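K.L.:
Here is a sequence together with a model predicted from it:
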Amino acid sequence: MSDPPPQDAMHQQPTISLDWRHRVSFTRRAFDPGNTTLADALNADADAPGRLLIAVDQGVVEAQPHLQRDLERYLDHHRAAGRILPKPVGFRAVPPGEPCKNDLSNLETFLGEIDKARLCRHSFILVLGGGAVLDMVGFAAAIAHRGVRLVRMPTTTLAQCDSGVGVKNSVNMFGKKNFLGSFAVPWAVVNDLSLLETLDDREWRSGLSEAVKVALLKDAGLYRLIASHAGQLAKRDVPFADGVLQRSAWLHLDHIAHGGDPFEATTARPLDFGHWSAHKLEQITHYEIKHGEAVALGLALDITYCELKGMLDEAAAQGIRDTLSTLGFDLYHPAMDDADALLAGLEEFREHLGGRLTITLIEGIGRPVDVHTIDRPVMAAALGRLREQYAGITNAV
């Protein structure tokens, strides 16, 4: 019988350091043969190129009926040019929008597709879609074999400037948004701005609330630019919007890469300004309102709360509400009539992030502050102010 290990061997605490490369690109016409951005993202190992399963939001399939043909031609062109690319083994349409995260059978079905396609860890899943589709497919990629390489191509403004560059994957469960999920850095993110051209106005507008949010937290100059050109943005001025979306994405990426806690394991908080109520509003309305619309409502509420608490002067608060209105967002929804139901979102938000309640607010443009308690009577008064000022007003352009 061997000797027992020394006592101190029972209490080792080695440090495990991991370096992740977060490859994010912006481009236009990604499927043009002369564009190498996607081929670079799918560049495979010479000795084990693996397989490629393509998942596409059903809405994108319908809007771009030649997408599968264009992708196949693109891959054939670059393979003929000597690129080592994974072997395509499937093209699957995925239900669009939040319902794809609400119904767990969609996750199980896609995991079955990964199994049938015989993907290994060196294989790739290329997913094209909005944030909800990226979340569901990304979660399947993260848990199959404990991680299959994922290349995201976000197809909405919201996903390109926010969630698509993030490191979260999830589905909804127990009536709670993102209850089941993982943190996993995607193999690559290819933002093709030309994919936004077929979005309807409502979908296109939705991403702008996330751009306003991150600008209010991190870049006063970007916020002033958005505020002074809000009408131009609402009319889909493409060159101007491209710049705003890219700056928003880089701000989100910088927070993840340099914020010190990309997987939110300790006390660092995500860029969730306006989100505690946004997530609750999505749930209360059974996801009839889009995430970006809910974020605009959440921002209006928290901005008004900041004003009533004396953290933000009236002119600044009204300027932000005016900017959101000009962009085409409604700033009140009938679901906000039930203040108790909405305020229940505070505890759900705390539970989801862990630890004590932390809500990010602002005390000036570009000046975020974390608070750990919410004055409920004042928050209820903020709801009343929004109801008085905006109930029944539709701002969509």
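P.N.:
Yes, it's here.
K.L.:
so who does residue 279 touch?
P.N.:
177-178, 294, 345, 348-349 (CB atoms under 8 Å, 6 or more residues apart in numbering). Where you see a C-beta, it was placed from the backbone N, CA and C, and this is true even at glycine.
K.L.:
got the residues you listed as a markdown table, with distance to residue 254 columns?
P.N.:
Shown next, in a markdown table, are the contacts of residue 279 (distance: CB to CB, whole Å):
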| residue | distance to residue 254 |
| --- | --- |
| 177 | 25 |
| 178 | 22 |
| 294 | 25 |
| 345 | 28 |
| 348 | 28 |
| 349 | 24 |
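K.L.:
Who wins on neighbours among those residues?
P.N.:
residue 294 (28 neighbours; other CB atoms under 10 Å).
K.L.:
Residue 284 is in contact with that residue, correct?
P.N.:
No. With contact defined as CB atoms under 8 Å, residue 294 does not count as touching residue 284 (9.7 Å).
K.L.:
Number of residues surrounding residue 10?
P.N.:
Neighbours around residue 10, by other CB under 10 Å: 8.
K.L.:
Model confidence for residue 172, exactly?
P.N.:
You'll see residue 172 listed with a pLDDT of 94.
K.L.:
Going by neighbour count, which residues in the strand or helix carrying it are buried?
P.N.:
Using DSSP states H and E, residue 172 sits in strand 168-173. Residues 168-172 are the ones in strand 168-173 that count as buried (16 or more other CB atoms under 10 Å).
K.L.:
now stretch 216-234
P.N.:
216-219, 222-223, 225-227, 229-230, 233-234.
K.L.:
So for it, mean pLDDT?
P.N.:
For stretch 216-234, the per-residue pLDDT averages 96.
K.L.:
Make 501 the starting number, not 1.
P.N.:
OK, 501 is where the count begins now, so the last one is stretch 716-734.
K.L.:
Find the least confident helix or strand in the protein, judged by mean pLDDT.
P.N.:
Among the helices and strands of the chain, helix 839-853 carries the lowest confidence by mean pLDDT, DSSP states H and E, at a mean of 90.
K.L.:
Can you dump the C-alpha atoms of it in CSV for me?
P.N.:
Extracted C-alpha coordinates of helix 839-853, given in CSV (Å, rounded to 0.1, in the frame of the first residue of the first chain):
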residue,chain,number,x,y,z
ALA,A,839,-46.6,47.9,-12.1
ASP,A,840,-46.4,44.9,-9.7
ALA,A,841,-46.0,42.4,-12.5
LEU,A,842,-43.3,44.5,-14.1
LEU,A,843,-41.4,45.2,-10.9
ALA,A,844,-41.3,41.4,-10.3
GLY,A,845,-38.7,41.5,-13.1
LEU,A,846,-36.2,43.0,-10.6
GLU,A,847,-35.9,39.8,-8.6
GLU,A,848,-35.8,37.6,-11.7
PHE,A,849,-33.0,39.8,-13.0
ARG,A,850,-31.0,39.5,-9.8
GLU,A,851,-31.5,35.8,-9.7
HIS,A,852,-30.4,35.4,-13.3
LEU,A,853,-27.2,37.4,-12.9
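K.L.:
next one: it to chain centre, how far?
P.N.:
On the basis of CA atoms, centre = their mean, to the nearest Å, helix 839-853 sits 20 Å off its chain's mean C-alpha point.
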